[in-house]
Structures are given as structure tokens and as C-alpha cells.
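1. pasted the sequence and its predicted model underneath.
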Amino acid sequence: MPNRLMNFLRCVALLLVAGAAVAQTAVAGRIDETQGDVRLYDPAQNMRIAKVGEVVNEGDSIVTGSDGEVHLAMADEGQIAVRPNTRLRIAKYRADGGSGDTSIIALVQGALRSVTGWIGKYNAKGYAIRTPTATIGVRGTDHETMVLPTGSPDGEAGTYDKVNHGATLLSTQHGTTEVRPNQAAFVSLKDKAKPRLLSSVPAFYRTARLDPRFDRLHEKVRQELDTKRTQRIEAIKQRQLKPDEARRGKAADERATREGLKRGDTEQRAQQQQQRHEAAERRRQDQQRQYDERRQRLEEQRPGELRRSPQGRARQHDDPAGGSHGEGRGKHGGGRNQ
């Protein structure tokens, strides 16, 4: 029994941790285009097939087959194209429009093309593509990064980076090399040396099937960047205000409820007092009515007693039609006359 209880508690703890992780997951982007074999994996390694419009979250991994390619519209208005035979993970992502915005992508193998959004423009230190041999930073750019494994027919194993617009910084612990438009730089998988510029762009940098949509994309992104960022900041402010408004509304409702209860108690006490007063008045009226009915019955049942009473004699004395009083006067008066 103790072991079962401990196992149960562990399961509950894991579920709580997983729930908290899901609640804190940030949306990194959505799928704009996809072709061929493209799979998405969440941090728990649950797999789903990539579909247009599907959300890609922080912590998700993207794996493409030999015919697979997918384009992502990122939350900071940037764009990423993932090439065939590629494995990457969105290690960290946040795009709220503030100084904490971050985009860190771990490229294990294969290639991607990135047109950076407002993170690359306003928080370049928060943007990085990390490979097994190097880290690529940006200065607002359209660039392509490739990781060739050992034995690749395309060239020497290592990290390559080509710039189409803007500039990148290819860095290792041995140094940093700036790469400008129409240039490519390289870091070997085995050499411990500073990244170096190549004399020409490698031949494996060729147009992919979905690349036509990237034509003039860099200019389009730049034109809309500031507006989209401002909209995001405002949207986040509104979301933050709603919980405050909800809390204030709840507090107001509670106050109104308490006041209503107080008013209800006061009204109930007044109503009860009025009911008691009306009941007392009804009892008084009932008692008076009963008294009057008893008196009336007595008058009807014993009229002689009533006449013999002082009140009865007084009424007879005042009555000019009273027979006994009249007769007495007549006899007594007749005697005096005689």
C-alpha cells in the first residue's frame, strides 16, 4: 500500500508539473507552407504531422524528411524556412514587444533560412541560432544557416552561414566573424579556430522549392515590423488589464452582495416589526369585538337587571313615556288637588 500511494503521488506531481509547463508555453509561430514529410514533436516527444495554420510552440522540435520543407510565420513577424533533412528545436521564444523578447533556435543538422522580425531589429542580443560548433547572431537580416555532418557529399563537416540582407556574427570560443550580404562563413566541426569567411558561396546554397515566397520578403517584413510590434504591445496590455478588471468587478460584486444582504436584513427586520405590530393590532381589535359581543348578549338576555341598575333607572326617569312614573305623578297630584 505505501508503494502504491507513493507512485500515485509521483504521478500527480508529474501531471501538475506538466500542466504548469503547458500553461507557460509561448506560441513561437504558425505554419504558412508545408510540403512532403514534416513532423512536429512537443517537449514530451508527442508527434504530430505539420499542417498549414498549425501553431508551433516554444520547446517544439521540427524534423523534415528528404522531401520535406516547411515555412513558419514567427510571432515577431519574422519568417523561417526549414529545409529537407533538417532537425531543429525552438529552444526559447518570447515575442511581447519588450526588452525580454528572445528567439533561440537549436539547429542540430540540416539547413534553415531566416528573415528576422522585431527581435532581430530591437533586441539582437536575444536572437541566436545555435549549432554544434557555433552561434549565429544577427543585425537585422535575411540569412541561411547549414550544418553538414561528417561524411556529407556537400562539403566539410561544420557550420556554414550565408547572408542575403543585413549582417550576421558567426561566433565560437575562438572568435567572431562578421558576414555581410553575398558572403558566407564557415566553422569546422573538428578545427579549433576562429570562423572564417569563404572565398565564394558554396554550391549547396541553391533555391529551394518554396523559396519564391521569400522574394522581397525582407522588405515587406521591414515595412510592417513597427506597426505589428506596436499592435502586439497594445494587445498584451489589454490582456493584462482584463484580469485586473475582472478582479475589480468581482470585488465590486462582493461589496454589492454584502450591501444587499445588509439592506435585506434591515428590510426583513422592519417587515417583521410591522408584522408584529399588525398582529398586536388584530389581537386588540379581536378582544374589543369579543367584549362588545358579550355586552350585547348580556343586554339582550337580562334587560330587568339593566333597568334596575343605576343606569337603567336614569334612563326611565328621563323617559316621558315611562308608565309607572307618570301614574305616580297623577295619583299624587290628584290627592293634593282634593
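-> Nice, thanks for sending it over. Here the structure is a predicted model, which means the values were calculated and not measured.
2. mind checking how far Leu148 is from Val52?
-> According to C-beta to C-beta, to the nearest Å, Leu148 stands 30 Å off from Val52. Where you see a C-beta, it was placed from the backbone N, CA and C, and this is true even at glycine.
3. neighbour count for those two, which is higher?
-> Between Leu148 and Val52, Leu148 has the larger neighbour count (other C-beta atoms under 10 Å), namely 21 against 11.
4. thinking that one is in contact with Thr133, fair?
-> No. Using C-beta atoms under 8 Å, Leu148 is not in contact with Thr133; the gap is 10.4 Å.
5. please enumerate the shared neighbours of the two.
-> The contact sets of Leu148 and Thr133 overlap at Gly158 (C-beta atoms under 8 Å, 6 or more residues apart in numbering).
6. which stretches of the protein form helices?
-> 2-24, 118-122, 217-301, 303-308, 310-318, 323-337 (DSSP state H).
7. doesn't Tyr93 make contact with Ala28?
-> Yes. Here Ala28 reaches Tyr93: they are 4.0 Å apart, a contact under C-beta under 8 Å.
8. quick one: common contacting residues for those two?
-> Residues touching both Ala28 and Tyr93 (C-beta under 8 Å, 6+ apart): Asn57, Glu58, Ala75, Ser103.
9. most neighbours among these, which one is it?
-> Result: Ser103 is most packed of these (other C-beta under 10 Å), 29 neighbours.
10. who are the contact partners of that residue?
-> Taking C-beta under 8 Å, 6+ apart, one finds 28, 74, 76, 78, 92-93, 95, 116, 119-120, 126-128 in contact with Ser103.
11. make a markdown table from these and add distance to Glu267 to it.
-> Converted to a markdown table, the contacts of Ser103 look like this (distance: C-beta to C-beta, whole Å):
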| residue | distance to Glu267 |
| --- | --- |
| Ala28 | 58 |
| Met74 | 61 |
| Asp76 | 59 |
| Gly78 | 63 |
| Lys92 | 60 |
| Tyr93 | 58 |
| Ala95 | 56 |
| Thr116 | 67 |
| Ile119 | 61 |
| Gly120 | 66 |
| Gly126 | 62 |
| Tyr127 | 65 |
| Ala128 | 68 |
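12. out of these, which one sits closest to Glu299?
-> Proximity of the contacts of Ser103 to Glu299 (C-beta to C-beta) peaks at Ala95, which lies at 102.7 Å.
13. report how many residues lie close to that closest one.
-> 27.
14. residue ranges in the chain under the pLDDT threshold?
-> 1-24, 242-246, 248-249, 253, 256-257, 260-261, 264, 302-338 (pLDDT under 70).
15. that one - how does it break down into domains?
-> 23-210, 216-301 (automatic domain parsing).
16. which of those domains has the highest mean neighbour count?
-> Mean neighbour count, computed with mean count of other C-beta atoms under 10 Å, is highest for domain 23-210 among the domains of the chain, reaching a mean of 18.
17. I'd say Ala73 and Asp32 touch.
-> Yes. At 4.8 Å, Ala73 and Asp32 qualify as touching, with contact defined as C-beta under 8 Å.
18. now for the two: what residues contact both?
-> Gln79.
19. so what's Ile233 up against?
-> Counting by C-beta under 8 Å, 6+ apart, Ile233 has contacts Asp96, Gly97, Gly98.
20. try 6 Å
-> By C-beta atoms under 6 Å, 6 or more residues apart in numbering, the contact set of Ile233 is Gly97.
21. and if you look at Val221?
-> For Val221, the contact set (C-beta under 6 Å, 6+ apart) comprises Glu77, Val115.
22. and it, how far from Arg239?
-> 24 Å.
23. again with Ala44
-> Note on Ala44: its distance to Arg239, by C-beta to C-beta, is 27 Å.
24. also Glu267?
-> Distance from Glu267 to Arg239, by C-beta to C-beta: 42 Å.
25. list the strands paired with the biggest strand by length in the chain, with their directions.
-> Identified as the longest strand of the chain according to DSSP state E is strand 102-115. Looking at strand 102-115 with DSSP bridges, its partner strands are strand 79-82 (antiparallel), strand 87-94 (antiparallel), strand 127-130 (parallel), strand 142-148 (antiparallel).
26. let's have these in TSV, adding distance to Ile62.
-> Output for those, formatted as TSV (distance: least, C-beta to C-beta, whole Å):
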stretch	distance to Ile62
strand 79-82	5
strand 87-94	6
strand 127-130	13
strand 142-148	14
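27. closest to Leu225 out of those strands?
-> strand 79-82 (11.8 Å).
28. name the surrounding residues that touch that closest one.
-> Ile62, Thr64, Val70, His71, Leu72, Leu112, Arg113, Ser114, Val115, Leu217.
29. and what of stretch 86-102?
-> Here stretch 86-102 has contacts from 26, 28, 58, 60-64, 75-76, 103-111, 119, 123, 126, 229, 232-233, 236, using C-beta under 6 Å, 6+ apart.
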